[in-house]
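kindly generate the corresponding structure for this input.
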Amino acid sequence: MARFSDEFIERVRVANPIQDVIGERVQLKKAGKSLKGLCPFHREKTPSFFVAPDKGFYHCFSCHKGGNVIQFLMEFEGLSFGEAVEQLARRAGIAIEGDVGAGVRDEQLVRRRAQQQRLYEVCQFAQQWYERELLTGERGAVAREYLRGRGVGEAAMRAFRLGYAPEGWDELTVAARKAGYRDEELMMAGVSVRSEDGTSVYDRFRGRLIFPVWDLSGNVIAFAGRVIGVGEPKYLNSPETPLYTKSRVLYPLHLTKRAIQQRGLAILCEGYMDAIMLAQHRFTYVVASCGTALTTDQAHLLKRFTSKVIVAYDGDRAGQEATVRSVGVLLEEGIDVFIAPLEGGEDPDSFLRERGGEAFRELVEHAVPFFPYLLEALRARIDVRTPHGQRELCEQVFALITRFEDPLVKGGYVNQLAGFLGVSPGLIERGLREYEERARGERREGEGVMRKVGTARPQLSAAEEHLLALVLRDPQALKHAYTNFSAEFLRNEVARKLLEQVYAYHARGTWRGVEAFLLELSEEHAALVTGLLARVPDAGEQWREALDDCIATLHNEWYDAEIARLRGELDTEKDEERIRLIMRDLQLYQKKKQDRVKRLVLTAGEQGEW
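Next up is the predicted model:
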């Protein structure tokens, strides 16, 4: 991803007022100094989504998403940071800055971007050519008839930009040459192939129904071709190119990502036709992994838009095995997984054609949690009537259970597994502990700790929230807090680290305000900051009084907690020397508490703030 200088990012951010960018995508109404509307990231009937134009951030009080204009575009469009900056730069008419290295534009990056743009154009040309052949060409009649026989209407053909590659040897290649594209560009984009003897270039896809594949921004980056009638392979895919890596793409996510966000879940299926038929039956919150086992990159991509997935893979043995594999990949990303089990040789496409949308809706509504499904799927392959079979099943299941941090969640799965095998939960717990100890021993030195599922949002006290809001809003408040309050007095670890970051910028003279600060934060911490800024009223000219109240409260809370801790130790301590040291610390903390209150009062009086 391209790197941008801080100055360029700031210029792009300032040139794109947050209320304008969000207003192009969300209907906003005036609400005092703020704007409000229906949150674009989840379904709701009462507006809980607020935009603060003067501070440059947004926050939803229901789903707790928040950030600045760049983070909004990343979340809304599913873009990387660099992609969002580039899109906003284009919106504002700002020339894209190249990689900055010793102040010199990286010419290699410029050439790579030019090549990438050229390949986008090749793919777009090919897509339009295939689509014309399907919808208007005489040769496309066979593909149109095939689609109608599969229940795909013309509206769906157009919505998914389906196409047809005629039987001819090099018809697309010849048309693309006439349009000004070179053979090397056609081969690099994956639409043409050089013959083995090297004497000619011909079309990769011939006599096939064409499914365009898009990136998240809606650019065509690849194709899949399905044979019509008899032939092998059934599906022919584009090779990997500078634009396309199959393991990182979900079909057709750029069309369905908004519905997924609003619905709060995604249906995951296997094939192109499955996805099209589901969307045609109003299951628009669908994605397909397209014939490959679900990858970590695909699960990570899906997590950008939802934390709940219903897996609807084919009902045959291969589909069931793919379902089991997908569960672990999805759980690793912290996604809640349910299964819509299909029978025998069924897939979503055939199910919908034979039973209709309402039957599939019922299947989705009664989707089963992944754990019971997983146990039954494993029992079909493992004989759990024997102790060795039970041990084998447990070993496979333990690998999933250990990914959960919450003891209640973990305990629930332990109880379910015990009930399934007809053994005591204590026996399963012992086996799980042994498995975890063994896994820790096998973990390579330096390997990161496995990502845990279900991390709780940090809770700040009212005084911590008010102090952070005051400091983030007002440079004068930041200067006063930096002089009179140490971050160590914040008992919440997240609040303490946030304040330490702000203080560090202030000390270096590089504090650029809350909008820029949000870019330095994780999604969770950015939402926490925008949330408290949206909740805590602006103190205005009374900022000093409000800040001193917070400082006094936080000092008192910290010293009171430490004094209570020492008194607790004093009640149980028997050693006289230790008792003497505890008494000394108690007196010291009590004196420091009084001194800090006096110093704050005197400082306020000297500066005439009363």
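
got the contact list for residue 281?
By C-beta atoms under 8 Å, 6 or more residues apart in numbering, residue 281 lies in contact with 352, 356-357, 360. Just so you know, the C-beta spots here come from the backbone N, C-alpha and C atoms, and that holds for glycine as well.

which of these fall in helices?
352, 357, 360 (DSSP state H).

which of the residues you listed are buried? Put it as a ChimeraX command.
To isolate the buried subset of the ones in helices among the contacts of residue 281 in ChimeraX, counting by 16 or more other C-beta atoms under 10 Å, use the following:
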select :352,360
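
what is the nearest of the ones in helices among the contacts of residue 281 to residue 565?
residue 360 (58.8 Å; C-beta to C-beta).

can you tell me how far that closest one is from residue 257?
Distance, residue 360 to residue 257, using C-beta to C-beta, to the nearest Å: 21 Å.

for residue 248, same thing?
Taken as C-beta to C-beta, the span from residue 248 to residue 257 is 15 Å.

more neighbours: which of these two?
residue 257 (23 against 14; other C-beta atoms under 10 Å).

residue 195: neighbour count?
Around residue 195 there are 9 residues (other C-beta under 10 Å).

mind listing what the nearest residue to it once chain neighbours are set aside touches?
When the adjacent residues along the chain are set aside, residue 195 lies closest to residue 202, with 6.5 Å between them (C-beta to C-beta, 6 or more residues apart in numbering). Residue 202 makes contacts with 169-170, 173, 192-193, 195, as judged by C-beta under 8 Å, 6+ apart.

pick the one among those residues closest to residue 339.
Nearest to residue 339 among these, with distances taken as C-beta to C-beta, is residue 193, at 39.7 Å.

ok, the nearest residue to the closest one once chain neighbours are set aside - how many residues close by?
Closest residue to residue 193 apart from its sequence neighbours, by C-beta to C-beta, 6+ apart: residue 204 at 5.0 Å. Here the number of neighbours of residue 204 (other C-beta under 10 Å) works out to 22.

for the one 10 residues further on, same thing?
Neighbouring residues of residue 214 were enumerated by other C-beta under 10 Å; the total is 20.

quick one: it and residue 252 touch, right?
Yes: shown here, residue 214 and residue 252 form a contact pair, counting by C-beta atoms under 8 Å, at 6.4 Å.

take the contacts of residue 202 and keep only those in strands.
Members of these lying in strands (criterion: DSSP state E): 192-193.

go ahead and build a ChimeraX selection from the buried members of the contacts of residue 202.
A single ChimeraX command selects the buried members of those (16+ other C-beta under 10 Å):
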select :170,173,192,193
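
could you dump the contacts of residue 202 into a markdown table and include pLDDT?
Formatted as a markdown table, those follow (pLDDT from 0 to 100):
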| residue | pLDDT |
| --- | --- |
| 169 | 92 |
| 170 | 95 |
| 173 | 97 |
| 192 | 97 |
| 193 | 96 |
| 195 | 92 |
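
closest to residue 280 among the contacts of residue 202?
For the contacts of residue 202, the residue nearest residue 280 by C-beta to C-beta is residue 192; the value is 31.7 Å.

burial count for the closest residue to the closest one other than its chain neighbours?
In this structure, residue 192 finds its nearest non-sequential neighbour in residue 186, 3.8 Å apart by C-beta to C-beta, 6+ apart. A count of nearby residues for residue 186, using other C-beta under 10 Å, gives 24.

host element of residue 186?
Using DSSP states H and E, residue 186 falls within helix 183-188.

that older thread, any idea how far the residue nearest to residue 193 lies from residue 50?
Distance from residue 204 to residue 50, by C-beta to C-beta: 50 Å.

tell me which of the contacts of residue 202 is nearest to residue 508?
Nearest member of the contacts of residue 202 to residue 508, counting by C-beta to C-beta, is residue 192, at 54.4 Å.

tell me what the closest one is bridged to.
residue 203 (DSSP bridges).

confirm for me that it is in contact with residue 201.
Yes: using C-beta under 8 Å, residue 192 is in contact with residue 201, at 5.1 Å.

what sits in contact with each of those two?
170, 173, 183, 186.

can you verify my assumption that the last one contacts residue 125?
In other words, residue 186. No: with contact defined as C-beta under 8 Å, residue 186 does not reach residue 125; the gap is 9.4 Å.

now the common contact residues for those two.
Counting by C-beta under 8 Å, 6+ apart, the common neighbours of residue 186 and residue 125 are residue 176.

tell me where the stretch 201-350 of the chain has helices.
Assigned by DSSP state H, counting those that start in this stretch, the helices in the stretch 201-350 of the chain fall at 253-263, 272-280, 296-303, 317-332, 348-355.

closest one to residue 535 among those helices?
helix 253-263 (23.5 Å).

what bits of the stretch 1-150 of the chain have low per-residue confidence?
Applying pLDDT under 70 to the stretch 1-150 of the chain flags the ranges 1-3, 98-110.

tell me which of the helices of the stretch 201-350 of the chain is the most buried.
helix 272-280 (a mean of 24; mean count of other C-beta atoms under 10 Å).

where does pLDDT dip in the protein?
In the chain, residues with pLDDT under 70: 1-3, 98-110, 291-292, 441-458, 589-610.

quick one, domains of it?
Taking automatic domain parsing as the criterion, the chain consists of the domains 6-101, 108-244, 248-375, 382-441, 462-606.

among the ones you listed, show me which one is buried the most.
Neighbour counts (mean count of other C-beta under 10 Å) averaged over each of the domains of the chain peak at domain 248-375, with a mean of 20.

now find how far off-centre it is within its chain.
17 Å (C-alpha atoms, centre = their mean, to the nearest Å).

with respect to residue 380, which of the ones in helices among the contacts of residue 281 is nearest?
Looking across the ones in helices among the contacts of residue 281 and measuring by C-beta to C-beta, the closest to residue 380 is residue 360, at 23.8 Å.

isn't the closest one right next to residue 348, touching?
Yes: between residue 360 and residue 348 there is a contact at 7.0 Å, judged by C-beta under 8 Å.

sorry, back to before: quick one: contacts for the residue nearest to residue 192?
122, 173, 176, 192, 201.

and those residues as JSON lines, adding distance to residue 262?
Putting the contacts of residue 186 into JSON lines (distance: C-beta to C-beta, whole Å) gives the following:
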{"residue": "122", "distance to residue 262": "34"}
{"residue": "173", "distance to residue 262": "42"}
{"residue": "176", "distance to residue 262": "39"}
{"residue": "192", "distance to residue 262": "40"}
{"residue": "201", "distance to residue 262": "45"}
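
with respect to residue 577, which of those residues is nearest?
residue 122 (81.7 Å).

in contact with that closest one, which residues?
176, 181, 185-186, 188-189, 191.

check for me that it belongs to a strand.
No: applying DSSP: H, G, I helix; E, B strand; the rest coil, one finds residue 122 to be helix, outside a strand.

mind listing what the residue lying closest to it once chain neighbours are set aside touches?
Closest residue to residue 122 in three dimensions, ignoring its sequence neighbours and counting by C-beta to C-beta, 6+ apart: residue 189, at 4.1 Å. By C-beta under 8 Å, 6+ apart, the contact set of residue 189 is 119, 122-123, 126, 241, 243.

make it 10 Å
Neighbouring residues of residue 189 by C-beta atoms under 10 Å, 6 or more residues apart in numbering: 118-126, 176, 181, 204, 220-223, 238-239, 241-244.

backbone phi and psi for it, please?
The phi and psi values for residue 189, taken as degrees, to the nearest 10, are phi -80, psi -10.

mind checking how far residue 36 is from residue 18?
14 Å.

now do the shared contacts for the two.
With C-beta under 10 Å, 6+ apart, residue 36 and residue 18 have common neighbours residue 51.
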